[in-house]
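Student: Need the 3D shape of this:
(one chain, ligands or ions: 1)
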Amino acid sequence: MPWEPDQYLKFQKERFQPFDDLVFLIRMREAMTVVDLGCGNGELTRRLADLLPGSTVTGIDSSPSMLEKAAAFVRPGLSFTSGEIGSVSGQWDLVFSHAAIHWVDDQASLIPHLMSLVKPEGQLAVQLPSNHRHPSHALILETAREEPFASALAGWVRHSPVLEIDEYARLLHQAGGRELTVFEKVYPHILPDADAIAEWTAGTTLVPYFERLPAELHDPFKERYRQKLRALFPGSPILYTFRRILFTAIRGNGGS
Ligand SMILES: C[S@@+](CC[C@H](N)C(=O)[O-])C[C@H]1O[C@@H](n2cnc3c(N)ncnc32)[C@H](O)[C@@H]1O
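Tutor: As a prediction, the model looks like this:
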């Protein structure tokens with residue numbers, strides 16, 4: 001997908017909050033081997049590496065534009081490489097992923113795969129957005145089903161593959177995970193107005209729509225979507241509630 005790192009960075013402060021919550025759940029040890037799946041522009045991977053003394057950290061992402069930005073954060077013990085979350089191999093003390101695995105469609109197959117990347121007694125730590133029932137997301141699907149967008153997209157819309165939290169717990173347990181922590185949290189963001197929600201989703205949820213729509217329909221799509229948001233979130237400032245799922249598991253000694 002054609003990620004635009006600068007668009008994504010517009011809400012940097014808000015995106016750091018769940019990172020801090022996830023880091024708090026990490027069982028820290030000296031000199032860990034760590035992989036960050038869907039590392040994006042590498043800024044949070046660098047933060048993670050700096051918090052883990054003596055660690056060797058590899059950030060993996062499929063987006064060339066994100067990896068280009070990540071190059072600025074390389075240092076001894078921290079590197080970045082191109083790859084698909086679902087195809088990564090190897091074993092690490094910590095398998096970390098922040099705001100990325102919701103782009104993988106088959107979550108039920110992904111969780112055992114992620115657990116297989118964790119060394120025995122190592123840890124999987126994941127945060128993923130689960131805000132797909134919020135109007136900011138539902139209105140994207142509604143807009144995509146209207147003309148001229150529906151024809152241009154040939155009827156395509158992206159349904160969220162994100163599961164309920166108890167299902168993640170079940171999958172982690174089944175894959176040999178123990179000491180499970182699985183929860184969902186609402187992050188309340190105060191934004192200037194409804195248009196700011198459209199700016200937010202332009203850096204994430206809208207990306208695959210803009211990838212498929214011809215360039216001349218990008219602005220009309222955004223404007224139709226903004227009109228719907230303005231009707232639901234009038235005035236200034238507005239509260240944008242954002243749900244996220246956080247989970248961690250230790251891989252049992254016998255593996256999965
Ligand atoms: C929302 S960004 C998050 C980046 C970073 N982890 C952060 O929290 O700032 C999602 C990242 O996941 C990457 N991504 C999405 N699907 C992927 C896949 N199947 N394999 C590898 N990377 C993927 C995107 O390229 C993008 O950089």
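
Student: all contacts plus neighbour counts: C-alpha atoms, from now on.
Tutor: Fine.

Student: residues from the chain in reach of the ligand?
Tutor: Proximity of the chain to the ligand, by Cα under 6 Å from any ligand atom, involves residues 38-40, 44, 61-63, 66, 83-85, 98-100, 103-104, 204.

Student: Mark which of the residues you listed are buried, thanks.
Tutor: 38-40, 44, 61-63, 66, 85, 98-100, 103, 204 (16 or more other Cα atoms under 10 Å).

Student: which SSE is Lys185 in?
Tutor: Here Lys185 sits within strand 177-191, counting by DSSP states H and E.

Student: Over to Leu128?
Tutor: Per DSSP H and E: strand 118-129 holds Leu128.

Student: Among the buried ones among the residues of the chain next to the ligand, name the ones in helices.
Tutor: Using DSSP state H, Leu44, Met66 are the members of these that sit in helices.

Student: returning to what we had before: from the contact counts, what lies against the strand holding Lys185?
Tutor: helix 165-174, strand 238-251 (3 or more Cα pairs under 8 Å, 6 or more residues apart in numbering; DSSP states H and E).

Student: Identify, out of these, the most deeply packed stretch.
Tutor: For the helices and strands packed on strand 177-191, the largest average neighbour count (mean count of other Cα atoms under 10 Å) is found in strand 238-251, namely a mean of 21.

Student: Grab the longest helix from this protein for me.
Tutor: The chain, longest helix under DSSP H: helix 218-232.

Student: hmm, who's touching that helix?
Tutor: The contact list for helix 218-232 (Cα atoms under 8 Å, 6 or more residues apart in numbering) reads 135-136, 139-140, 143-144, 149, 193-195, 197-198, 210.

Student: Could I get the buried residue list for that helix?
Tutor: His218, Phe221, Lys222, Tyr225, Arg226, Lys228, Leu229.

Student: can you list these in TSV and add pLDDT?
Tutor: Below are the buried residues of helix 218-232 laid out as TSV (pLDDT from 0 to 100):
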residue	pLDDT
His218	96
Phe221	97
Lys222	96
Tyr225	97
Arg226	97
Lys228	97
Leu229	97
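
Student: Got phi/psi on the residue most central in space within the chain?
Tutor: Nearest residue to the geometric centre of the chain (Cα atoms, centre = their mean): Ala99, 1.7 Å. The phi/psi pair for Ala99 (degrees, to the nearest 10) reads phi 60, psi 50.

Student: That one contacts Gln127, correct?
Tutor: Yes: with contact defined as Cα atoms under 8 Å, Ala99 reaches Gln127; the gap is 5.7 Å.

Student: still on that earlier bit, which other helices and strands contact whichever helix or strand comes after the strand holding Leu128?
Tutor: Using DSSP H and E, the helix or strand that follows strand 118-129 towards the C-terminus is helix 135-144. On a contact count with 3+ Cα pairs under 8 Å, 6+ apart, helix 135-144 meets helix 194-202, helix 218-232.
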